[in-house]
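A.B. asks: Provide a 3D model corresponding to the input given below.
(chains A and B)
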Amino acid sequence: MAIPLAYNVRSLLVRRWTSLFTLGGIALVVAATMLLAALVGGLQQMLVSTGEPDNLIVLRKGATSDGSSQLSREAGQVLRTLAGVARGPDGTPLASRELVNQPFIRTRAGGRENVLVRGVEPTALAVHRAVRLVEGRMFRPNLGEVVVGRGTLARYRGAGVGSQIEFGRRRWTVVGVFDSGGTAFDSEIWADVNDVQNDTRRDGYSGVRLQLDSGADRYAVVQRIASDGRFTLEAKPEAAYYREQADNANALYLLVLTLAVVMATGAVFGALNTMYAAVASRTAEIGTLRALGFGRGAILVSFLSESLLLAGAGLIVGMGLAAIAVLAINTLLSGVQFSMMTFSVATVLLRLSPGGALLGGLFAGAIGVLGGLAPAWRAAHLRVVDALHRA
Amino acid sequence: MTYPRLVLRNLLRHPLRTLFTTLSIALSIFLVCAVLTLPAALDAMFERAASNVRISVHHKAGLTYWLPFSSVQKVRGIPGVAGVDHYSWFGGIYDEPKNLFPNFAMDPDDVEAVWPDYGIDPAALARFRKTRNGALVGEQTMRKFGWRIGQEITLRGTIFPVDLTLQLVGVIPAASGNPLVLWFNRKYLDEAMEGRGGFPRVGMIWVRAERPEDVPRIIHAVDDLFRNSEAETAAESEKSFYTSFFSSFRGFIRVILAVGVLVVGAVVLIAANTSAMGVRERIPELAILKSLGFRRRPLLAVLMAESALVALLGGLLGAGGAYGIFRALGAAGKTGGAVPFLGPLGAFRVSATVGMEGVAIALLVGLVAGMVPAWNGARLNVVEALRRLF
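C.D. replies: Model (predicted):
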């Protein structure tokens, strides 16, 4: 016969401070694990979801990002007219020639950051299909107009429709806001490519993004670009390019996992102490239960469930804490600033994921089982006579 | 029985419990040390790399804007300037694209005047000045690629349309705080670019002031010199430059530190719990001690000492472990570049200072965790406690 769970709940409530402290310890471990997982998760989400499946990114061979690539005007022209590149309804090739610049921009807090300003042509919106204007309109060429990513609004001085934003050698008029659904573009400012060329006194482009015809042989296009002897270029599917960037985040993930495992191991020892003490202080009770006819298995299960109950409560509180922390960081600090591919700043929104919650749950479960098993075993194997004798 | 003996006996009464608490604190302090290493490495880098007499001069609009090469000569004329050199980011790739390290075109003639603190071998500097395609390379980068002095390497340009073959002529010691960088002669790049109009620009100018107190004046003088010119400058101290360059790490570090705080919080709860359990079980004993005439203070001290001792032991174990393990991993080449975008911070070495901080945090944890239970134990009402006992 099983011992009712109510017995365990009451036991926990009787030792309310001890229970609360152990619960708190587990909750903090869960919260810390989930917070770290949310950071890595946000980073991966940002990078992995960036890029279109049938887009190619063409950079200088060997360049790791468009911030460190430079190609000539001629290369840009050749790529634009390449066979296999899709065309828009009006017949213009869906090729986005882009020049990436990283000027200083003043933050609203008064600091100075390197921000990624992408000089593009109006076709850019057709090529980057995830990017949508959500306010105002697209910039007009050669007028010093810009559209800004949603993530820049709260962060930089003058980032808002109708305002002037200062960077480079001039002031720019913000005419629109775009949203790319949480991808890396959200931290960028887009301006006319000619304007950016003039401002930086640079000729040519950083890279070209090509949208391919649905029928085009992607591999053949990549080959043709690589084998063009006039330029040293390299084409890659956009998704692969961003996946490579996300690999950096995987190294971070390993680090986070190691931290979390060490943390959880520490908490197991804490739980062990609590449960051993619980068994020790209830020797007489256990003897009584055994005398009443509850078997060894019942005692074992009962103490183990008590430990798991504590861990479960810790898990729930920890998840709540993590959710509050993530919300606070995302809203009050507007995310975590990070620079990865270039030295300009991208804002990562922390992201609670089922994976992170699972990790937290796994650790809480492990703490509950490992912390409760040995004490429960001891409780189950107390000799009834000895136990009652002590009473 | 002396007091220290009493403390020791009490700790050994439940050896398993003491062991668990110690291990729990040790693991947490290990983590705290690992977590503190990142911001500490950043600060240490600023301290070491940022001399208080060096000034960084770059374009007002940002680091991607070039300055005309003629600006370098103009800065030399400012009174109080001891040396002027410059940096142009070449961004060359060695072998594989993921092998990123900073490489700059600069002027070998002025290295000694601007970076006398780097401890570069004068013979190497002489070779650097003489060799047209010579390069000085930071110790860590040298080790990473297994390069030797005298070896020729090729850097593939991704921003510049040229590849450069460089001969390694000397090392920039790790103690300079700049162990990743590679320097080569600007003239060599200029020649390589000859067919394309040469390279009459620089990315950044480094100025060394004769005296630290001249720095603010020189900063103003430089900016005044180029005001309303084609390339207006923003001069700032080296420290302010690095701080702002790495400011994007701050948000990340804040999250990591928040995690560290949570870990410390968790271990305080765990340790407090154990210590409370220890006191609760010993109420009768404490009551007897008090009735025998032991005063409140010594009892409080004994109980606190127990908690502090366990914490200290755990702290030493955890901090020592972190110090040793990360050092061993570093020596085995397992860290460093594991997290490439952290740059020089990826080396992940736990410094002695961080280790000491870890031990101090452990001690604090022990004192905080022991305080309330010890207080409760020490101010026990003897009559009440004994009544409960009998």
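A.B. asks: In a strand, residue B:137, correct?
C.D. replies: Yes: looking at residue B:137 with DSSP: H, G, I helix; E, B strand; the rest coil, it is inside a strand.
A.B. asks: tally of neighbours for the nearest residue to it once chain neighbours are set aside?
C.D. replies: Nearest non-adjacent residue to residue B:137, counting by Cβ to Cβ, 6 or more residues apart in numbering or on different chains: residue B:182, 4.7 Å away. In short, each C-beta sits where N, CA and C put it, glycine included. When counting by other Cβ atoms under 10 Å in any protein chain shown, one arrives at 23 neighbours for residue B:182.
A.B. asks: So residue B:182 sits against residue B:106, correct?
C.D. replies: No: with contact defined as Cβ atoms under 8 Å, residue B:182 does not reach residue B:106; the gap is 10.1 Å.
A.B. asks: Once you drop chain neighbours, what's closest to residue 260?
C.D. replies: No chain in the question, so chain A it is. residue A:33 (4.3 Å).
A.B. asks: Not quite, go with chain B.
C.D. replies: In space, residue B:260 is closest to residue B:35, 3.9 Å off (Cβ to Cβ, 6+ apart).
A.B. asks: what about the strands in the stretch 1-150 of chain A?
C.D. replies: A:55-60, A:95-101, A:104-106, A:112-114, A:117-120, A:132-136, A:145-149 (DSSP state E, counting those that start in this stretch).
A.B. asks: Tell me how far residue A:301 lies from chain B.
C.D. replies: 23 Å (Cβ to the nearest Cβ, to the nearest Å).
A.B. asks: That residue in helix, strand or coil?
C.D. replies: Assignment for residue A:301 (three-state DSSP): helix.
A.B. asks: okay but residue A:173 is in contact with residue A:144, surely?
C.D. replies: Yes: using Cβ under 8 Å, residue A:173 is in contact with residue A:144, at 6.3 Å.
A.B. asks: need the contact list for residue A:157.
C.D. replies: With contacts defined as Cβ atoms under 8 Å, 6 or more residues apart in numbering or on different chains, the neighbours of residue A:157 are A:105, A:106, A:107, A:108, A:165, A:166.
A.B. asks: What's the local residue count around the first one?
C.D. replies: Residue A:105 is surrounded by 27 other residues when neighbours are defined as other Cβ under 10 Å.
A.B. asks: That one and chain B, how far apart?
C.D. replies: Taken as Cβ to the nearest Cβ, the span from residue A:105 to chain B is 9 Å.
A.B. asks: That residue against residue A:165, yeah?
C.D. replies: Yes: contact criterion Cβ under 8 Å: residue A:105 and residue A:165 qualify, at 7.1 Å.
A.B. asks: The helix or strand where residue B:88 lies and chain A in contact?
C.D. replies: Per DSSP states H and E: residue B:88 is located in strand B:81-89. No: Strand B:81-89 lies apart from chain A when judged by Cβ under 8 Å from any Cβ of the partner chain; the minimum separation is 8.9 Å.
A.B. asks: list the buried ones in that strand?
C.D. replies: B:81, B:83, B:84, B:85, B:86, B:87, B:88, B:89 (16 or more other Cβ atoms under 10 Å in any protein chain shown).
A.B. asks: residues in contact with the spatially most central residue of chain A?
C.D. replies: The centroid of chain A falls nearest to residue A:42 when counting by Cα atoms, centre = their mean (1.2 Å). Contact analysis of residue A:42 by Cβ under 8 Å, 6+ apart lists A:335, A:336, A:348, A:349, A:350, A:351.
A.B. asks: Name the nearest residue to the second one, sequence neighbours excluded.
C.D. replies: Spatially, and ignoring its direct neighbours in sequence, residue A:336 is nearest to residue B:251 (4.2 Å; Cβ to Cβ, 6+ apart).
A.B. asks: what about the residue in the stretch 101-250 of chain A that chain B sits nearest to, how many neighbours?
C.D. replies: Chain B sits closest to residue A:103 of the stretch 101-250 of chain A, with a gap of 3.7 Å, by Cβ to the nearest Cβ. Using other Cβ under 10 Å, the number of residues around residue A:103 comes to 25.
A.B. asks: Would you mind giving the secondary structure of the nearest residue to it once chain neighbours are set aside?
C.D. replies: With Cβ to Cβ, 6+ apart as the criterion, residue A:103 has its nearest non-adjacent residue at 3.7 Å, and that residue is residue B:62. Three-state call for residue B:62 (three-state DSSP): coil.
A.B. asks: Might one say that residue B:62 is in contact with residue A:102?
C.D. replies: Yes: counting by Cβ under 8 Å, residue B:62 touches residue A:102, with 6.1 Å between them.
A.B. asks: what is in contact with the two at once?
C.D. replies: residue A:114.
A.B. asks: quick revisit: return the residues in contact with the residue of the stretch 101-250 of chain A closest to chain B.
C.D. replies: A:114, A:115, A:117, A:167, A:168, B:61, B:62, B:64, B:65.
A.B. asks: how many neighbours does the fifth one have?
C.D. replies: Spelled out, it's residue A:168. So residue A:168, with other Cβ under 10 Å, has 24 neighbours.
A.B. asks: residues from the stretch 51-200 of chain A in reach of chain B?
C.D. replies: Residues of the stretch 51-200 of chain A lying near chain B (Cβ under 8 Å from any Cβ): A:59-64, A:68-70, A:72, A:101-104, A:111-114, A:167-169, A:199-200.
A.B. asks: give me that answer again for 10 Å
C.D. replies: A:59-65, A:67-72, A:100-105, A:107, A:111-115, A:117, A:166-170, A:199-200 (Cβ under 10 Å from any Cβ of the partner chain).
A.B. asks: what domains does the record give for chain B?
C.D. replies: B:3-47+B:248-389, B:61-231 (automatic domain parsing).
A.B. asks: Show me which residues of the stretch 1-150 of chain B sit near chain A.
C.D. replies: Residues of the stretch 1-150 of chain B lying near chain A (Cβ under 10 Å from any Cβ): B:14, B:16-31, B:34-35, B:58-66, B:89, B:91-100.
A.B. asks: ok, residue B:150 - contacts?
C.D. replies: B:127, B:167, B:168, B:169 (Cβ atoms under 10 Å, 6 or more residues apart in numbering or on different chains).
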